[in-house]
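*Asks:* quick check, what structure comes out for this input:
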Amino acid sequence: MQNNGPEEPGLGTQLAQLARETRDWARAEGEYYKALARDRANDVKLALALGVAGATLAYAALIALLVGAIIILMPVVGAIWAVVIVTGIALAMSALMVRAALRFFQNAKRPATPRDKL
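*Replies:* This is a model prediction of the structure:
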């Protein structure tokens, strides 16, 4: 029997080529996921920076609101009572928020029920 086409490489050659291609593919996949992780890390950095800046501005606005409330109350009840009233209201609101947060944490720690499982 005569074979006119090019000679097929042997099994050893094919396995060596498969190993090279597999190694190249794994290297390319690794580089892809490294690039993807760097891209995601940059997004997280920007999100954190913007979140911190927004929270800082919100904190400054809250301070301005409290100072404004004290200034408005000062002519009515005096400086000391204005500070006491505004601070008391702020602490009461803070306590309610912390209490609600603790309730949510307790809910998060509850054991799973059959209804929770998908």
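*Asks:* drop to CA atoms for contacts and neighbour counts, all remaining ones
*Replies:* Will do.
*Asks:* nearest residue to the middle of the protein?
*Replies:* The chain has Val44 as the residue nearest its centroid, 7.0 Å off, counting by CA atoms, centre = their mean.
*Asks:* now the helix or strand containing it: average pLDDT?
*Replies:* Counting by DSSP states H and E, the element that carries Val44 is helix 11-77. Averaged over helix 11-77, pLDDT sits at 93.
*Asks:* I'd like to know which elements it is packed against.
*Replies:* If contacts are counted by 3 or more CA pairs under 8 Å, 6 or more residues apart in numbering; DSSP states H and E, helix 11-77 sits against helix 79-108.
*Asks:* tell me which residues in the helix it packs on are buried?
*Replies:* 82-83, 86 (16 or more other CA atoms under 10 Å).
*Asks:* tell me the confidence at Asn4?
*Replies:* pLDDT, Asn4: 65.
*Asks:* three-state assignment of Pro114?
*Replies:* Using DSSP: H, G, I helix; E, B strand; the rest coil, the structure places Pro114 in coil.
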